[in-house]
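**Student:** got a structure for you, letters missing:
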């Protein structure tokens, strides 16, 4: 990519910063029911994971993940990126997590998530020249799904009873967004 920072008004995404990883750990631990995370992460585990897995990705020409710190008015409010990147097929899954407090306010969450999606579309379709991005969302996240769909993501399928959350099987909803939608 020619640039690694993307900005929209007061919001921007920048390459993931070292100083943000412990806040991210706290947010992940506080929102495990919406993530693929099964147990709490310790500070040591977070540091070790980033040292072993994440930081080496920054040296690769075709990493499997591109992770960003998400800022509003220069303050960290979330993180995310493109994960499970397939360079040959030009696709990636969208990852997003916002500060736990911001996630609790639906109007703040909506603005944060809509703006993030616009930024990540710039990364995928302008920066990387990809063909497709997609998401997997547990169906307990109705507001999240409505923001995805309002942002042009198309529901492509449902994996019935795909995940067990609090001893209840939950569906996973797949949404996709194509390069042709972005350029239309």
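**Tutor:** Alright, I've got the coordinates. It should be emphasised that the depicted structure is a prediction, and the values quoted were computed from it without experimental measurement.
**Student:** and the one helix or strand residue 176 maps to, which strands flank it?
**Tutor:** Residue 176 belongs to strand 168-178 when assigned by DSSP states H and E. Note on strand 168-178: by DSSP bridges, its sheet partners are strand 132-138 (antiparallel), strand 154-165 (antiparallel).
**Student:** Show the average pLDDT along it.
**Tutor:** The average of the pLDDT scores along strand 168-178 is 95.
**Student:** next one: that strand to chain centre, how far?
**Tutor:** 14 Å (Cα atoms, centre = their mean, to the nearest Å).
**Student:** And for that strand, what's in contact with it?
**Tutor:** 121, 131-140, 145, 148-149, 151-164 (Cβ atoms under 8 Å, 6 or more residues apart in numbering). (Each C-beta comes from the backbone N, C-alpha and C, glycine too.)
**Student:** picking up where we left off before, mind putting the strands paired with strand 168-178 in JSON lines, mean pLDDT included?
**Tutor:** Shown next, in JSON lines, are the strands paired with strand 168-178 (pLDDT from 0 to 100):
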{"stretch": "strand 132-138", "mean pLDDT": "95"}
{"stretch": "strand 154-165", "mean pLDDT": "94"}
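**Student:** pLDDT weak spots in this structure?
**Tutor:** 1, 32, 35, 37 (pLDDT under 70).
**Student:** Please identify the deepest-packed of the strands paired with strand 168-178.
**Tutor:** Among the strands paired with strand 168-178, ranked by average contacts under mean count of other Cβ atoms under 10 Å, first place goes to strand 132-138 (a mean of 19).
**Student:** any idea how far residue 72 is from residue 159?
**Tutor:** Residue 72 sits 33 Å away from residue 159, going by Cβ to Cβ, to the nearest Å.
**Student:** sorry, back to before: got TSV for the strands paired with strand 168-178, with distance to residue 86 too?
**Tutor:** Shown next, in TSV, are the strands paired with strand 168-178 (distance: least, Cβ to Cβ, whole Å):
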stretch	distance to residue 86
strand 132-138	9
strand 154-165	16
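**Student:** ok, longest helix in the protein?
**Tutor:** What stands out as the longest helix in the chain, according to DSSP state H, is helix 106-121.
**Student:** What's the local residue count around residue 49?
**Tutor:** The tally of other residues near residue 49 (other Cβ atoms under 10 Å) stands at 14.
**Student:** swap in residue 124?
**Tutor:** Residue 124, neighbours per other Cβ under 10 Å, totals 24.
**Student:** show me where the protein has helices.
**Tutor:** Using DSSP H, helices in the chain cover 21-30, 43-49, 55-57, 100-104, 106-121, 142-150, 179-182.
**Student:** Look at residue 42 and say how many residues are nearby.
**Tutor:** 11.
**Student:** Kindly report the same for the one 5 residues further on.
**Tutor:** Counted with other Cβ under 10 Å, the neighbours of residue 47 add up to 15.
**Student:** Hmm, residue 24 and it touching each other?
**Tutor:** No - the pair residue 47 / residue 24 is not scored as a contact, 11.4 Å apart, by Cβ atoms under 8 Å.
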